[in-house]
Structures are given as structure tokens and as C-alpha cells.
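Colleague: Sequence first, predicted coordinates after that:
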Amino acid sequence: MKNFRMIFLMIAAAMIIPASCKSRVPADLTTTAIIPRPVNVTGAGEAFKLNANTAILVDAGSDEILKTGQYLASKLNAITGLAIAVNEAKSEPEKGSIFLTLSDADQNLGEEGYSLTITKQLVKLSAAKPAGLFRGVQTIRQITLKDTDSGNPGKFIIPGGTITDYPEYSYRSMMLDVSRHFFGVEDVKQVIEYLAFYKINTFHLHLSDDQGWRIEIKSWPNLTAHGGSTQVGGGKGGFYTQEQYSDIVKFAADRYITIVPEIDMPGHTNAALSSYPELNCNGKATNLYTGTEVGFSSLCTKKEITYKFIDDVVREISALTPGPFFHIGGDESHATKVEDYIPFINRVQDIVARYGKKVIGWDEIALSTLKPNSVAQCWASVENATKATAQGAKILMSPAKKAYIDMQYNESTPIGLHWAAYIEVDDCYNWDPATYIPGITKENVIGVEAPMWAETITKLDDIEFLMFPRIAGIAEIGWTPAGLRSWDEYKYRLAKHEEWFDIMGINFYKSPKVPWEK
Ligand code: ACM
């Protein structure tokens, strides 16, 4: 009996092994784990192989595209151990190259769309705009796979096929609160680098609050000298010099990410009120504050000096900020009477317009008369969001119960708050900006942002733990059409990104909701 079984197994093996050697099925592009999920992917039964001869070619004569090519080379070289060089394309790109071009792209791809055609011979990435090439480069990174089929460890392939891809929303963002706890330039750059990988295009810096003022204002130097000197818990705080802020702006711009600076007002202003007595209605400076209460501070909305102060701050920061938006906060102004709040916000909108910027504010700003190009960031109040759209303003969707990535995942995860909700990885993924608020549709929405408040976090490791893996889901909500999004499919792609988290050294939350492979 035993012998019979052995003979049977030998015959079966003899039948299977040669067959599998002859016709190995290459990795299929349609089953690669791209996040955010592209709009259209087709597979082909072949693959592009990376080797010592692989080159990246870019359109001749553009430093900007050359830089994107170099960015891709540095990422691929780090993963593959190759030394892929970047050159300008002479004529037809040679076999064996990865070609980045703006020359013959479909203009309907828009600002950030791209198309990829991958054959045995060539990987061709086309876009209508440089930002599209940069987004497509992230896809190339994510589909460069170990060639497990060949039995050659250390070899890499890109599965053959085509991708046509463009974002659902033009505004896809994360916010970092650097006021409650301060994070230095290198930490902020690391966060921006993570965002680039998931095609997020905006980074909102919450630069002032009760606990700390974090950006140098040359005409009001005590804001940072005094107002930046501490943080929640009484640590030493910190701030960005204008040069450091500009360095962050440039680092982000190199990744086609726009910085949105926020100076929160008229509430959340204790750090300023403590630095300059004249900003207080009673003319007395407040004490610095290192707790976590909200809603107790207000600029004196009736004093002219307040508007001189705001004018100077908006002017200096706007001059350093190439992006179109200035965030004026406006939330939780419980210490400001509503009859003072409304004219205050109206006047601040005029100041922001004077310096060529559009206003974003938390949803409370809808109580005022919004300018047509102002944006209300919906975090809490359906009523305010509805008031904003009734005035023709657009909505940035950040519902606290879904998108606040400083919330704990569950009762036992160690950092974060839970006043809005416990937000597991699937909760953060399972919502749609176009249907979340009845009566507010896709046409009303410019996009989605995941805010990270910093009451409980003190270091990059903490930011990573709250960001990952939730930020990948927020990125997909912003990029991928609702009809292509499903948790039951997404969770398997997300599971494969553990490999990326490990490669990048990210301290992520290993949620039991995700079918991790390791
Ligand atoms: C907010 O969470 N106070 C906007």
C-alpha cells in the first residue's frame, strides 16, 4: 500500500514539475497591491525584468522631470541593490529602460493622472503634467516585485500590463499638530515622505494653539521666544525659523505636496496672548499653558491691534507659502461671543485675500459670511457644513469619527484620545466623503484630510503608530472612485504593505482586522 502511494506521488510529481518549469505564470499586474487602488489596470502575460543594464530615461531638456527620474532611481536602487542610472532620452527609448515622458500623454489625465504601459522591453510612464509623473513613480515603486517565480532571489520584475490612473479628489491631505507637542524639521520631512508614497498631495501644519506658537514671525518675535517655549506636559517646545519652514515647504514641493499653514484664531490663542499683553482685552498677558483643555482663550476681537497682528502674521507666512490656502482655524471659539466671532472671521477672510490666499477654516467659520472661494473643513457639525455649502463654499471632509487619526484604535491601544470615537482601521476606511453628510455631494467636496492632533504624542514613533495603517486608507478614499473601494478587497492589499512598513522602518499598528501575511 505504502509503495503504491509512493509510485503514485512520483508519477504525479513527474507530471507537474516539468510543466511548471516550462510555463511559469509571471506575477499579474491586476493582483499587485497598489494603494491607492488605480482606476484601471490590465494584465499581460509577461514582465519587465530589472537588471544591471536597466536605465531610467526622461524627456530631454527638463530639470524637473530629471529630478523625478532621480527620485525613482534612488528608491529602486535602495530596494533592488542595483545602480540604475538616469539619462535623457535621445530618440526612441532603448529596450530595457523605464521611460518617463510628458510628450504624448492624454491631456484628460489632468494635473496628477498618469498612464503606465509595461512590456518585456519597456516601462513607459506618461503624464500630462510633472505631478502626474511623480504620482506614477509611486506606482512603479509599489509594483517592483521580487521575482519569486524565477527561483532567482534578489531579482526584481515589474509585471506587464497597463494602468490608467487619476485622482477622484484634487485635495488629499494629512494634518499634523506641532503645537501641543513640537516635532522638528526631520520628523516632519519623514511624515511628508510617507505621504508621497500614498499619493497624498497636501500637508496641513497646525502651527499655533494654546500650548505653543511654532513659526517665527519677524515682526512679533516674542511669539516664538516666549510662546514657543513650552508644550503639553511642560517640555521645552520649539519652533521653526522662517528658513526651516521654507525648507519644509521646498521638501514637500519636491514631492508635489502643498503645505497649508494654520494659525488658529480667535480661540486656541493662549500662546500668543501670553506673548503679547496688548492682544488681551484686559491688556494683561496670560500665563503659558501646558494642559489639554480647549475653548478658554480668545484674541480681543474689538481691538485694532488684533487685526494689525493678524495682518503681519498672514503677510509673513503667506510670503513663505507658495500654495493657495491659508488656514485660519476658527474652531471651538467658546470664549468669543458669536456676535464678535462673525465679524472677526469676515475681517480675517479679507486679510487673507489681501495676501493672495484662499481661506480654509474649521466648519464653525460657516457661521460667518464665507467668501465664494473659502473652504470649510467639516470635522464635527453637519449644520455648519450645510451652512457652508448653502453659501456656495466647498467642504474639506475630516469627520472626527472617521478621519481623526489621533483617535485610539480601541480601548487598549496605548496612545491617542477617544472623545470622537475609537477608530479601527476598517472604520477609518469605510466611509465616503460624497455621502457622509446627507445633502452634501461630491460636487460640494474638494477632498479629504486626516488630522493628527498631538496631545498624547511626543515622537516620530508615536506619529507612525497612529498614522499607519490608517493613512493608507484615507489616501485611497481621496484617490480611488467609491465604486472601486471595498474593505473586503482592500484589506488584502493593505496586508501586503506590511512589507513596505518594514522596509521603511515604520512603527505601525498590527490591527487584528487586517489579514497580515507575516
Ligand atoms: C478640532 O478638532 N477642534 C477642529
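Modeller: In hand now; what should we look at? Residues are numbered from 1 along each chain as shown.

Colleague: Not including adjacent chain positions, what is the nearest residue to the residue of the chain found nearest the ligand?
Modeller: Nearest residue of the chain to the ligand (Cβ to the nearest ligand atom) works out as Asp331 at 4.0 Å. Every C-beta, even on glycine, is put in place using the N, C-alpha and C of the backbone. What sits nearest to Asp331 in space, not counting adjacent residues and going by Cβ to Cβ, 6 or more residues apart in numbering, is Trp362, at 3.6 Å.

Colleague: Give me the neighbour count for the one you found.
Modeller: For Trp362, the neighbour count with other Cβ atoms under 10 Å is 26.

Colleague: now Thr435
Modeller: Thr435 has 11 nearby residues by other Cβ under 10 Å.

Colleague: mind listing what it touches?
Modeller: Thr435 makes contacts with 441, 482, as judged by Cβ atoms under 8 Å, 6 or more residues apart in numbering.

Colleague: Next: the one 10 residues further on.
Modeller: If a contact means Cβ under 8 Å, 6+ apart, then Val445 has 169, 394-397, 433-434 as its contacts.

Colleague: still on that earlier bit, you'd agree the residue nearest to Asp331 is up against Ser381?
Modeller: No. Trp362 lies out of contact with Ser381 (Cβ atoms under 8 Å); the separation is 9.2 Å.

Colleague: Make sure Gly136 is indeed in a helix.
Modeller: Yes. Gly136: assigned to a helix according to DSSP: H, G, I helix; E, B strand; the rest coil.

Colleague: Might one say that it is in contact with Lys124?
Modeller: No. Judged on Cβ under 8 Å, Gly136 makes no contact with Lys124 at a distance of 10.1 Å.

Colleague: Need the residues touching each of these two.
Modeller: With Cβ under 8 Å, 6+ apart as the test, Gly136 and Lys124 both reach Leu116.

Colleague: Have a look at those two and say which one is more surrounded.
Modeller: Higher neighbour count among Gly136 and Lys124: Gly136, with 26 against 19, using other Cβ under 10 Å.

Colleague: which residue packs closest to the more buried one, ignoring adjacent ones?
Modeller: Closest residue in space to Gly136, ignoring its immediate chain neighbours: Tyr114 at 3.3 Å, by Cβ to Cβ, 6+ apart.

Colleague: isn't the one you found right next to Ala131, touching?
Modeller: No. Between Tyr114 and Ala131 there is no contact under Cβ under 8 Å: 9.1 Å.

Colleague: The two: who's more crowded?
Modeller: Using other Cβ under 10 Å, the more surrounded residue of Tyr114 and Ala131 is Tyr114, with 29 against 21.

Colleague: what's the spacing between the more buried one and Val137?
Modeller: Distance from Tyr114 to Val137, counting by Cβ to Cβ, to the nearest Å: 9 Å.

Colleague: where does Asn384 fall, helix, sheet strand or coil?
Modeller: helix.

Colleague: Doesn't Gly160 lie inside a helix?
Modeller: No. Per three-state DSSP, Gly160 lies outside any helix segment and is strand.

Colleague: Pretty sure Gln121 is one of the things it touches, is it not?
Modeller: No. Applying Cβ under 8 Å, one finds Gly160 not in contact with Gln121, separated by 9.9 Å.

Colleague: give the contact list for Glu411.
Modeller: Applying Cβ under 8 Å, 6+ apart to Glu411 gives the contacts 418, 422.

Colleague: remind me which residues of the stretch 51-200 of the chain are low pLDDT?
Modeller: Applying pLDDT under 70 to the stretch 51-200 of the chain flags residues 150-151.

Colleague: Please, where are all the strands along it?
Modeller: Along the stretch 51-200 of the chain, counting by DSSP state E, counting those that start in this stretch, strands occupy 55-58, 85-88, 97-101, 114-118, 122-126, 145-146, 156-165, 171-177.

Colleague: Dump those into TSV; add distance to Asn373 as well.
Modeller: TSV is the format used below for those (distance: least, Cβ to Cβ, whole Å):
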stretch	distance to Asn373
strand 55-58	36
strand 85-88	39
strand 97-101	34
strand 114-118	28
strand 122-126	32
strand 145-146	44
strand 156-165	28
strand 171-177	13
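
Colleague: ok, and which of those has the densest surroundings?
Modeller: Most buried of these, by mean neighbour count (mean count of other Cβ atoms under 10 Å): strand 171-177, with a mean of 25.

Colleague: tell me what that strand is packed against?
Modeller: helix 185-197, strand 202-206, strand 445-452, helix 470-479 (3 or more Cβ pairs under 8 Å, 6 or more residues apart in numbering; DSSP states H and E).

Colleague: at 6 Å what do you get?
Modeller: Counting contacts by 3 or more Cβ pairs under 6 Å, 6 or more residues apart in numbering; DSSP states H and E, strand 171-177 packs against strand 202-206, strand 445-452.

Colleague: tilt between the last one and helix 185-197?
Modeller: This means strand 445-452. Counting by axes from the mean of the first three to the mean of the last three Cα atoms, to 10 degrees, strand 445-452 lies at 140 degrees to helix 185-197.

Colleague: For the residue of the chain closest to the ligand, the count of nearby residues, please.
Modeller: 21.

Colleague: picking that back up, reformat the helices and strands packed on strand 171-177 as TSV; add distance to the ligand and mean pLDDT.
Modeller: Output for the helices and strands packed on strand 171-177, formatted as TSV (distance: least, Cβ to the nearest ligand atom, whole Å; pLDDT from 0 to 100):
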stretch	distance to the ligand	mean pLDDT
strand 202-206	9	99
strand 445-452	7	98
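
Colleague: Turn those strands into CSV, columns for distance to Thr258.
Modeller: Shown next, in CSV, are those (distance: least, Cβ to Cβ, whole Å):
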stretch, distance to Thr258
strand 202-206, 5
strand 445-452, 11
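
Colleague: which one of the ones you listed lies closest to Glu88?
Modeller: In terms of Cβ to Cβ, the element of the helices and strands packed on strand 171-177 nearest to Glu88 is strand 202-206, at 31.2 Å.

Colleague: Which positions in that closest one come out as buried?
Modeller: Going by neighbour count (16 or more other Cβ atoms under 10 Å), the buried part of strand 202-206 is 202-206.

Colleague: just how off-centre is it within its chain?
Modeller: Centroid displacement of strand 202-206 relative to its chain, using Cα atoms, centre = their mean, to the nearest Å, is 9 Å.

Colleague: can you tell if the next helix or strand after that strand touches the ligand?
Modeller: As assigned by DSSP states H and E, the chain's next helix or strand after strand 202-206 is strand 208-209. No. Against the ligand, strand 208-209 shows no contacts by Cβ under 6 Å from any ligand atom, the least distance being 9.5 Å.

Colleague: starting at the chain centroid, how far to strand 208-209?
Modeller: 21 Å.

Colleague: Tell me which strands the following helix or strand past it pairs with, and in which orientation.
Modeller: Following strand 208-209 in sequence order, the next helix or strand is strand 212-213 (DSSP H and E). Sheet pairing of strand 212-213 (DSSP bridges) gives strand 208-209 (antiparallel).

Colleague: Give me the average confidence score over the partner strand.
Modeller: Here strand 208-209 scores 98 as its mean pLDDT.

Colleague: show me the residues around Gly283 that make contact.
Modeller: By Cβ atoms under 6 Å, 6 or more residues apart in numbering, the contact list for Gly283 reads Pro277.

Colleague: Is it correct that Ala385 is in contact with Trp379?
Modeller: No. Taking contacts as Cβ atoms under 6 Å, Ala385 lies outside contact range of Trp379: 9.3 Å.

Colleague: Give me the more crowded residue out of these two.
Modeller: Neighbour count, other Cβ under 10 Å: between Ala385 and Trp379, Ala385 has more, with 27 against 22.

Colleague: Now that one: closest residue in space that isn't a chain neighbour?
Modeller: Nearest non-adjacent residue to Ala385, counting by Cβ to Cβ, 6+ apart: Cys378, 4.2 Å away.

Colleague: Is the one you found in contact with Ala393, as I believe?
Modeller: No. At 10.6 Å, Cys378 and Ala393 do not qualify as touching, with contact defined as Cβ under 6 Å.
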